[in-house]
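A.B. asks: Below: sequence and its predicted model.
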Amino acid sequence: DSGVTQTPKHLITATGQRVTLRCSPRSGDLSVYWYQQSLDQGLQFLIQYYNGEERAKGNILERFSAQQFPDLHSELNLSSLELGDSALYFCASSVDGTSGVQYFGAGTRLSVL
Amino acid sequence: GIQVEQSPPDLILQEGANSTLRCNFSDSVNNLQWFHQNPWGQLINLFYIPSGTKQNGRLSATTVATERYSLLYISSSQTTDSGVYFCAVERPALIFGKGTTLSVSS
């Protein structure tokens, strides 16, 4: 168990809908990262937060947004969903936002039908 | 941006065999991690290894940062070693390679 908790484990929804993925980092970790794993794109970085503030952005679509709350949990919001958004979404956390081991949650598997 | 290349893309082994997985990266990096993704999709940390050699049981890893590569050694492979092995370089977000898919049969 990595100590990073993601909910839900599975999500099935329809095109055009909006969903929210939740992540609780390991105790003591201030930085949260979101990654997407799809068959065609592989594992790619979406966005990073550190202590409530956005730190870095990767290949995140404009239809996607995220935030980190004062208790350090994070949410990834995906809207106007398309078939191509079907993927495994991972959250990772680390102690600080510049270096160090990143521990991954079990992921949320999103299926858009 | 930085390129991370892993080889071989696929590897099929008999139980008990040894293997070496390679990760090349195109620019200097702060750190490098190796992961195992099991058949259930979970990403498991294996090594955090910016340079040098580390060992954990039957697995060991070596990173030569000056030559921009890392190696993961699996000895006496077991069926439970099957899955996909990823290396990822820290920028500080992780940039992943495409992985090596390992299948170990009994």
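C.D. replies: Nice, thanks for sending it over.
A.B. asks: Name the residues of chain A found near chain B, please.
C.D. replies: For chain A, the residues in contact with chain B (Cβ under 8 Å from any Cβ of the partner chain) are A:2, A:33, A:35, A:42-45, A:48, A:56, A:58, A:88, A:90, A:92, A:97-104, A:106-107, A:109. No exception for glycine: its C-beta is placed from N, CA and C like everyone else's.
A.B. asks: From these, list just the buried residues.
C.D. replies: Among those, those classed as buried by 16 or more other Cβ atoms under 10 Å in any protein chain shown are A:2, A:33, A:35, A:43-45, A:48, A:56, A:58, A:88, A:90, A:92, A:97, A:100, A:102-104, A:106-107, A:109.
A.B. asks: ok, B:Pro9 - contacts?
C.D. replies: Residues near B:Pro9 by Cβ atoms under 8 Å, 6 or more residues apart in numbering or on different chains: B:98-101.
A.B. asks: For B:Asp10, the count of nearby residues, please.
C.D. replies: Each residue near B:Asp10 was counted by other Cβ atoms under 10 Å in any protein chain shown, and the total is 11.
A.B. asks: I'd say it and B:Lys98 touch.
C.D. replies: No - contact criterion Cβ atoms under 8 Å: B:Asp10 and B:Lys98 do not qualify, at 10.9 Å.
A.B. asks: so the nearest residue to B:Ser7 once chain neighbours are set aside is in which element?
C.D. replies: Spatial nearest neighbour of B:Ser7, chain neighbours left out: B:Arg22 (5.0 Å); criterion: Cβ to Cβ, 6 or more residues apart in numbering or on different chains. If you go by DSSP states H and E, B:Arg22 is part of strand B:19-25.
A.B. asks: any bit of the helix or strand containing B:Asn45 sitting next to chain A?
C.D. replies: Assessed by DSSP H and E, B:Asn45 sits inside strand B:43-48. Yes - for strand B:43-48, a contact with chain A is found by Cβ under 8 Å from any Cβ, at B:43, B:45, B:48.
A.B. asks: Narrow those to those that are buried.
C.D. replies: The neighbour-count criterion (16+ other Cβ under 10 Å) marks B:43, B:48 among the residues of strand B:43-48 next to chain A as buried.
A.B. asks: Residue 8: neighbour count?
C.D. replies: No chain in the question, so chain A it is. Count around A:Pro8 with other Cβ under 10 Å applied: 13.
A.B. asks: That was the other one, I meant chain B.
C.D. replies: 13.
A.B. asks: Spell out which residues of chain B are next to chain A.
C.D. replies: Taking Cβ under 8 Å from any Cβ as the criterion, chain B approaches chain A at residues B:30-31, B:33, B:35, B:41-43, B:45, B:48, B:86, B:88, B:90, B:92-96, B:98-99.
A.B. asks: How about the residue most central in space within chain A: what's its closest non-neighbour residue?
C.D. replies: Centroid check for chain A by Cα atoms, centre = their mean gives A:Trp34 as the closest residue, at 3.3 Å. Spatially, and ignoring its direct neighbours in sequence, A:Trp34 is nearest to A:Leu46 (4.3 Å; Cβ to Cβ, 6+ apart).
A.B. asks: Excluding sequence neighbours, find me the nearest residue to residue 6.
C.D. replies: Defaulting to chain A. Spatial nearest neighbour of A:Gln6, excluding adjacent residues (Cβ to Cβ, 6+ apart): A:Gly105 at 3.8 Å.
A.B. asks: The chain in question should be chain B.
C.D. replies: In space, and not counting its chain neighbours, B:Gln6 is closest to B:Gly97: 3.8 Å by Cβ to Cβ, 6+ apart.
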